[in-house]
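Chemist: Here is my input; please provide its structure:
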Amino acid sequence: MRVLGACLVGSEAELVTVEARFDRREAGKTEVILTGLPDAVIRESRGRLVCALEANRMHLPNGRLFLNLVPAALPKVGGGLDLAMVLAAAVAAGHVGAEALDRTLFLGEVGIDGTLHAVPGGLATALAAKKHGVETFVAPRETACEAGWIPGVRALVAGRLEDVIAHVSGVENALTAPESDEEVALTDAAAPTSLDEVRGQSLGKLALAAAAAGGHGLLFVGPPGAGKSMLARRLGSLCPELTIDERLEITRVLSAAGRWPRGLASARPFRAPHHTVSYAGLVGGGSPPSPGEITLAHCGVLFLDELPEFRREVLEALRQPIETGTILLSRAGRQLELPARFQLVAAMNPCPCGFQGHPKVACRCPPWHVQRYRSRISGPLLDRIDLRVELAAPTLDELSPAAPRTSAAGVAPTAGQEPSGAELAARVRNARARMFDRQGALRNADLQADALDRLAPLDTESRRLLARATGQRALSARAVQAVRRVARTLADLADEPELDTRHVARALALRSPLV
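Modeler: As a prediction, the model looks like this:
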């Protein structure tokens with residue numbers, strides 16, 4: 001007898017077949033033998049299995065019940081296989097026919113009284129089921145609601161084991177389809193904020209618009225109170241709306257992590273871990289391996305405030321996922337690849353006291369303290385951050401202007417005033433439309449040398465300017481390409497098809513040497 005279930009492997013689901021056979025005996029007790037690399041939670045399910053069957057008047061006769069989980073080499077984790085195992089045991093013992101179990105996946109944790117409890121990963125399991133041609137998905141309400149978002153999968157809600165038994169025994173309407181849940185914003189998404197709440201910092205706002213338009217990484221450097229965190233937390237107000245594929249990706253990751261937002265994700269995640277976060281907490285790990293912050297920020301923003309305060313090995317772990325969009329966790333006997341296509345935004349002080357270069361407050365840090373503080377961030381990691389902007393402390397006129405920027409009726413700003421948040425958002429939308437029309441789904445931040453030569457060629461003056469900056473700043477090859485990528489984005493923001501010296505000069509201004 002075979003019943004189909006599933007278990008989570010990172011942020012994805014793997015289908016698992018539960019094989020069952022019962023050998024009767026005249027005397028002795030009932031023994032349940034479980035094989036197939038189950039974890040402790042699944043091994044304990046043997047007791048829940050027997051109790052749930054007896055609570056539904058399905059007693060196991062004397063003998064041995066063999067349960068095998070296929071594929072045998074895949075470590076099985078969690079309680080999601082309970083329902084499939086209970087049904088396989090019921091069929092093997094002769095209480096239920098096997099005909100109705102074909103092409104149906106059963107997922108859920110079973111209590112000792114037969115009550116079904118939701119498990120994480122409903123959306124990921126439904127995607128795996130659809131990929132393998134499984135037509136029906138039976139699970140507790142919350143898990144079935146997740147699966148119901150996947151077209152082509154018939155999700156059914158089961159509250160108790162007896163309802164599932166009735167369904168597979170041919171009783172009509174024993175199980176019902178889940179009710180459609182209204183879409184809500186992610187709990188991990190930043191609260192709606194306006195860029196207009198940040199006074200001054202026109203260079204920082206330009207960098208934020210470039211980051212949103214081209215998908216570039218961004219680092220703000222400045223004294224306390226300059227607005228670094230405020231700017232970073234408002235990146236979401238400039239980012240474009242999610243595509244349906246991105247919504248499914250985000251929801252699948254959150255569902256596998258037990259954070260389903262009760263609907264399809266409607267906002268980009270914004271993760272801001274504290275600088276005391278561990279290596280496993282940031283990149284993932286543990287036993288069994290679980291997603292870290294960079295995976296929870298998939299298709300969204302990862303904000304690292306006080307960047308030099310993070311441990312060196314934690315920061316160095318970001319180098320591979322920044323470039324590849326995935327993180328590969330290698331453990332004894334297995335490897336696990338998790339999605340990690342996030343946009344890195346970071347903030348830091350220029351020195352330990354925070355006031356180096358401040359026009360009013362004197363810095364108290366000796367030069368070697370400043371050097372040691374900045375050296376906590378390695379050169380290779382800094383090279384992978386396209387935008388590095390030094391912010392000055394805002395002036396009184398910027399914090400409290402003599403005249404309001406707009407009237408209550410929303411009069412447009414006068415000449416010389418910086419654009420509003422809505423205007424910058426419109427520029428970002430237009431820049432992204434131009435970018436995708438030109439190069440498909442590839443962002444400017446992902447352009448490599450060949451694509452840059454084709455899509456962002458340099459004229460003679462721009463080449464001279466970049467060559468001079470390369471000599472003066474000792475720019476690496478990666479840094480030169482980053483400047484070209486940012487220049488391409490700045491041209492898109494200006495609605496100009498070709499690069500010129502203005503875009504390259506501004507891209508260089510948005511890449512502080514930080515020495």
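
Chemist: gap between stretch 259-267 and the chain center?
Modeler: With Cα atoms, centre = their mean, to the nearest Å as the basis, stretch 259-267 stands 12 Å off its chain's centre.

Chemist: Can you list the buried residues in it?
Modeler: 259-261, 263-267 (16 or more other Cβ atoms under 10 Å). No exception for glycine: its C-beta is placed from N, CA and C like everyone else's.

Chemist: cool, stretch 134-146 as well?
Modeler: In stretch 134-146, counting by 16+ other Cβ under 10 Å, buried: 134, 136-140, 142-146.

Chemist: Save these as TSV, and put in secondary structure too.
Modeler: Shown next, in TSV, are the buried residues of stretch 134-146 (DSSP: H, G, I helix; E, B strand; the rest coil):
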residue	secondary structure
134	coil
136	strand
137	strand
138	strand
139	strand
140	coil
142	helix
143	helix
144	helix
145	helix
146	helix
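
Chemist: can you tell me which of these lies nearest to residue 63?
Modeler: Using Cβ to Cβ, residue 138 comes nearest to residue 63 of these, at 27.7 Å.

Chemist: Mind checking what secondary structure the closest residue to residue 495 other than its chain neighbours has?
Modeler: Excluding the flanking residues, the one nearest residue 495 by Cβ to Cβ, 6 or more residues apart in numbering is residue 430, at 6.3 Å. Three-state assignment for residue 430 (three-state DSSP): helix.

Chemist: Count residues in the vicinity of residue 430, would you?
Modeler: The local packing of residue 430 (other Cβ atoms under 10 Å) involves 14 other residues.

Chemist: and what of the one 3 residues further on?
Modeler: Burial measure for residue 433: 12 neighbouring residues, criterion other Cβ under 10 Å.

Chemist: Distance-wise, check it relative to residue 492.
Modeler: Distance, residue 433 to residue 492, by Cβ to Cβ, to the nearest Å: 9 Å.

Chemist: same question, residue 437
Modeler: From residue 437 to residue 492 the distance is 10 Å (Cβ to Cβ).

Chemist: ok, now residue 244?
Modeler: 24 Å.

Chemist: So for those two, which sits in the more crowded spot?
Modeler: residue 492 (25 against 8).

Chemist: Surely the more buried one touches residue 435?
Modeler: Yes - with contact defined as Cβ atoms under 8 Å, residue 492 and residue 435 form a contacting pair (5.5 Å).

Chemist: min pLDDT across the buried residues of stretch 259-267, which one?
Modeler: Least confident entry in the buried residues of stretch 259-267, by pLDDT: residue 261, with 73.

Chemist: coming back round to it: out of the buried residues of stretch 259-267, which comes closest to residue 117?
Modeler: Within the buried residues of stretch 259-267, the smallest distance to residue 117 is 14.4 Å, found for residue 260 (Cβ to Cβ).

Chemist: looking at this, that closest one is in a helix?
Modeler: No - counting by three-state DSSP, residue 260 is not part of a helix but coil.

Chemist: then the helix or strand of the chain with the lowest mean pLDDT to CSV, C-alphas only?
Modeler: Every helix and strand of the chain was ranked by mean pLDDT, DSSP states H and E. The lowest is helix 396-399, at a mean of 72. Output of helix 396-399 as CSV, limited to C-alpha atoms (Å, rounded to 0.1, in the frame of the first residue of the first chain):
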residue,chain,number,x,y,z
LEU,A,396,18.5,73.8,10.2
ASP,A,397,17.1,75.2,6.9
GLU,A,398,16.7,71.7,5.7
LEU,A,399,15.1,70.5,8.9
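
Chemist: Run the chain-centre distance for it.
Modeler: With Cα atoms, centre = their mean, you get 37 Å for helix 396-399.

Chemist: Can you name the residues in contact with that helix?
Modeler: By Cβ atoms under 8 Å, 6 or more residues apart in numbering, the residues outside helix 396-399 that reach it are 199-201.

Chemist: again, but for stretch 288-297
Modeler: 10-11, 39, 75, 77, 188, 253-254, 256-257, 259, 269-271, 273, 277, 280-285, 302, 318, 321, 327, 329, 331, 336, 338-340, 342.

Chemist: And for stretch 122-134?
Modeler: 4, 6, 8, 11-15, 80, 103-105, 107, 137, 139, 142-150, 152-153, 155, 248, 251-252, 255-256, 260.

Chemist: What's opposite residue 154 in the beta bridge?
Modeler: In this entry, residue 154 is beta-bridged to residue 136, by DSSP bridges.

Chemist: That one - how many residues pack around it?
Modeler: Residue 154 has 14 nearby residues by other Cβ under 10 Å.

Chemist: and it, what is it in contact with?
Modeler: 135-137, 177.
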